[in-house]
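Visitor: Task: produce atomic coordinates for the following.
(2 chains)
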Amino acid sequence: MSQLLSKEKGKKMFLLGNEAIVRGSLEAGLDFAACYPGTPSSEIGNTFYEIGKEANVYFEFSTNEKVAMEVAAAASACGLRSMTFMKHVGLNVAADAFMTVAYTGVRGGFVIISADDPGCHSSQNEQDNRYYARIAKVPMLEPVNAQEAKEMTHFAFKMSEEIGMPVMLRTTTRLNHVRGAVVTGELGPQRGKGHFDKDPKKFVTIPSHARVDHVLLLERMARALAISEKSEFNSIIDMGGSEYGVITSGVAYNYVADVMAAAGIKGKILKLGMTWPLPEKMMKEFIKSVDKIVIAEEGEPLLENEVLALAKEANPKVRVYGKRSGHFSVMGEYDPDVMKAGFSKITGKDLMPKGVHKPSMEIPVRPPSLCPGCPHRSTYYAAKRALKQNFKEAIFSSDIGCYTLGIQDPMNTADFLLCMGSSVDAAGGFSKATDQPVLAYLGDSTFFHSGIHGVVNAVYNRHKFVYTILDNRTTAMTGHQPNPGMGTDGRGNPAPMVSIEDIIKGCGVDFIRTVDTSDIKEMQKAYEDALAHDKLAVIIAKRECVLLEVRARKKSGDFKTWQINQEECKKCQVCIKTWGCPAIYLAEDGTVHINEGICNGCGICAKVCPFKAIHENTEARK
Amino acid sequence: MTRIVVVGVGGQGVLFASKVISEAALADGKNAVMSEVHGMAQRGGVVMCNICVGCIESSLVGDAEADIIFAFEPMEAYRALPKANKGTRFVTSTSKVVPVVVSIGKQKYPDINAMFDEIKSITPKLTAVDADKLAIQAGSYVAANSVLLGALAGTAECPVSLEKMKEALKNTVPPKMLDINMKAFQLGYAAAQGL
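Guide: Residues are numbered from 1 along each chain as shown, chains lettered A, B, ... in the order given. Below you'll find the predicted structure:
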């Protein structure tokens, strides 16, 4: 049994922020959860996948975030405690439903988690989703550590039900992926099945109802404000004086507290945990009580703008230091050094670390790359062979997933990327705007997420390009979650397998070719034919993610690596310069070798080698 | 209070080892906070974990703040140099993982001795072990992270006891691989003690 299901109260566990969120939801008696995986929120779904059945929680991987939001909202309308969670950009996908579920309100507690990613650790932008609480008029909570993540999740369900509206919990990567001690509370009672009591005035948002809903929404937010004014999540921490009043939220609080303590900066900290609606009365009192205000918040100057507005009334002479004054940046993730730099400028004391030694020699970069044996490498390799001299002109419209790593040398097969599903949609635009060859690439999970409507559009509008679905039988980048094409559901049960081929056929595409990526020749032929086709051509590049395949092969004792015969090798470096597997390297003496520690045994380098110098080892590797 | 920066390359087991250290610290009755790296960076990129044992609030280690830099790859130990101060203990593997930009001849892998000399000009406390060699000696390539954990446990700066570290490792590795990993741990420990 997972420790997260422990019935013991007061037990100390070492949990990931995302696991603490799951525990908090179980303590609140969660019945229902739905998501589409996205880092930094992925481990929330992975945990439900593992424990959902045992915890008696209905959990599904929905096809995308909007679907998840709507599925979970319906469960809440039936009186169940329900949750959906996504990365920050996932909320863009779900935004349409999100805005209006604020209007309809909820019945069972409904919690929406937005996992933001300042610093773009694994995202295409660093948008600040605190804005969403303001646009939608939805309360927001922001934890600073794993313990608070658990407590706030639990509280969010109670508040949601008390005032009858969804509540957002906003995290950032550093919170999702922190691991710390968490003390358990009791597991909450669950409701099991719900019942939908009809109330069209509440749930059918035709204009005449929506106008009334908006009034009700404002009333609910007034109640949320009263909760915020009294919330124990908004607290003042005394740092021995009243010179500096720091107003902060989220993980920035941690760096503020440490830097002030270490540097002996006197003042107090207003730590905001319920950050929408803001506790204005409490903030005004705080603003009045200090000489100088420092705003420490990652992302946009949202608290700062509010504080400036409140200070006008409460303490017009107070000096406010933040992003607008140039002391902090809207960019990147904060850390202790960012905080030290900000406070150095503000206090005039040099708080920066002394004796920092920057390496004197140039250090090669180590960007993430396609794994050794990754089937995507074969697909890209074959496409480039088929394109020949046209490769330079060809536009590779890429998407969100491991295959974006085709951008690296020597593949260079990613030229354009906006968001989930942009590969196929934008490819249509490129095909009409230019006469260049256009190739779109996206994975199986991304296809189900937002790669289907682009096919309909391309057929309807007569776009001509080659659309490759990299079907590696999993959602690899976010940690191998199941998807509708795999035959397994979010609780590990067998599920109907949705056929990508049938969907494409149903859209009216007349060129569909499914190829095993390890057959390089067949793959190249498919590209030659597809490029010659006068309409949309679809290639399904099918082979299981090598990380899963290797796991299975190791289990069965059938895992063999490959090596280069030094007598046969002519050092032409084709395997390095065109194939680019990270397991193959050039030694300082000019000889070429395979690092058997990371070779995944796919053996395709042997097919790429013009001199047949690469051979499989006879013995299985331990 | 001990601040540890753990660095390596995606797939080397940096997360695994960091969890072992943190669990050992908790079992030792010390507070531990750990920052992990997930997602994109795990695909062969640089992976960095921060562990703060007995710290206050932050889960991140600032420049020149690391008490220990624990590296699974020598170039990554060198890259982490800004986190070091004159009292920092380095524990590093000497086994290279060559990045693709070096394999394809676009950049050069720095000379290992020159990197270690520069580290030693900042702090004399450098423990370097051939983790791959000792792992193979213990029975498998994949036990290199246990060799390194052993080497860390063999230094005076390690914030957790040898016994708790072994216990945490036992609780974390799959039973089938237990013997190989314990042997690897012992080889790493002996190597660090012998240096």
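Visitor: any residues touching the helix or strand of chain B with the lowest mean pLDDT, and which ones?
Guide: When the helices and strands of chain B are scored by mean pLDDT, DSSP states H and E, helix B:100-103 comes last with a mean of 83. Helix B:100-103 has contacts (CB atoms under 8 Å, 6 or more residues apart in numbering or on different chains) with A:364-366, A:369, A:408-409, A:576, A:580, A:582, A:584-586, B:44, B:107-109. Every C-beta, even on glycine, is put in place using the N, C-alpha and C of the backbone.
Visitor: Nearest to the spatial middle of chain B, which residue is it?
Guide: When CA atoms, centre = their mean is applied to chain B, the residue found nearest the centroid is B:Phe70 (3.2 Å).
Visitor: Wait, it touches B:Arg3, no?
Guide: No - with contacts counted by CB atoms under 8 Å, B:Phe70 stays clear of B:Arg3, the gap being 11.1 Å.
Visitor: quick one: the helices in chain B?
Guide: For chain B, the helices defined by DSSP state H cover B:14-27, B:74-79, B:100-103, B:112-122, B:131-138, B:144-153, B:162-172, B:178-194.
Visitor: Buried deepest among those, which one?
Guide: Among the helices of chain B, helix B:144-153 has the highest mean neighbour count (mean count of other CB atoms under 10 Å in any protein chain shown), at a mean of 29.
Visitor: just checking, what packs against it?
Guide: Applying 3 or more CB pairs under 8 Å, 6 or more residues apart in numbering or on different chains; DSSP states H and E, one finds that helix B:144-153 contacts helix B:14-27, strand B:68-71, strand B:89-93, strand B:126-129, helix B:131-138, helix B:162-172, helix B:178-194.
Visitor: who wins for proximity to chain A among these?
Guide: Judged by CB to the nearest CB, the one of these that comes nearest to chain A is helix B:14-27, at 5.4 Å.
Visitor: from the chain's centre, how far out does stretch A:152-170 sit?
Guide: Centroid separation for stretch A:152-170 versus its chain: 22 Å, with CA atoms, centre = their mean, to the nearest Å.
Visitor: err, stretch A:496-503, not the other one
Guide: Distance, stretch centre to chain centre, for stretch A:496-503: 26 Å (CA atoms, centre = their mean).
Visitor: returning to what we had before: list the contacts of the residue nearest to the centre of chain B.
Guide: By CB under 8 Å, 6+ apart, B:Phe70 lies in contact with B:4-7, B:17, B:21, B:91-92, B:148, B:152.
Visitor: Near chain B, which residues of the stretch 351-500 of chain A are found?
Guide: A:353-371, A:402, A:405, A:408-410, A:477-479 (CB under 8 Å from any CB of the partner chain).
Visitor: Please pick the buried ones from those residues.
Guide: A:356-357, A:359, A:363-364, A:366-371, A:402, A:405, A:408, A:410, A:477-479 (16 or more other CB atoms under 10 Å in any protein chain shown).
Visitor: Got the confidence number for residue 89?
Guide: Just so you know, I chose chain A. Here, the pLDDT recorded for A:Val89 equals 98.
Visitor: oops, I was thinking of chain B
Guide: 98.
Visitor: Taking the contacts of B:Phe70, tell me the two that lie furthest apart.
Guide: Greatest spatial distance in the contacts of B:Phe70: B:Ile21 and B:Thr92, 15.4 Å, computed using CB to CB.
Visitor: Listing request: residues of chain B with sub-threshold pLDDT.
Guide: Within chain B, the ranges that satisfy pLDDT under 70 run B:38-42.
Visitor: domain assignment for chain A?
Guide: A:3-229, A:234-347, A:375-551, A:560-616 (automatic domain parsing).
Visitor: out of the contacts of helix B:100-103, who's nearest A:Ser208?
Guide: Among those, and counting by CB to CB, the member closest to A:Ser208 is A:Gln408, at 55.3 Å.
Visitor: Next, the contact list for that closest one, please.
Guide: A:367, A:369-370, A:580, B:100.
Visitor: of all those, which comes closest to A:Pro200?
Guide: A:Pro200 has its nearest neighbour among these in A:Leu370, at 51.9 Å by CB to CB.
Visitor: That closest one: which element?
Guide: Taking DSSP states H and E as the definition, A:Leu370 sits outside all helices and strands.
Visitor: Likewise for A:Arg211?
Guide: helix A:207-230.
Visitor: which residues are in contact with that helix?
Guide: Helix A:207-230 is contacted from outside by A:100, A:102-105, A:137, A:139, A:159, A:162-165, A:200-202, A:205, A:234, A:274, A:276-282, using CB under 8 Å, 6+ apart.
Visitor: Buried residues, it. List them.
Guide: Of all the residues in helix A:207-230, those buried under the rule 16+ other CB under 10 Å are A:209, A:213, A:217, A:220-221, A:223-225, A:227-229.
Visitor: pLDDT below threshold where in chain A?
Guide: Counting by pLDDT under 70, chain A shows low-confidence ranges at A:621-622.
Visitor: what about the helices in the stretch 451-600 of chain A?
Guide: For the stretch 451-600 of chain A, the helices defined by DSSP state H, counting those that start in this stretch occupy A:453-460, A:500-506, A:520-532, A:546-555, A:574.
Visitor: Spell out whether whatever helix or strand comes next after the helix holding A:Arg211 and chain B are in contact.
Guide: Next along the chain after helix A:207-230, taking DSSP H and E as the criterion, comes strand A:235-249. No - remark: strand A:235-249 sits outside contact range of chain B, by CB under 8 Å from any CB, the gap being at least 10.4 Å.
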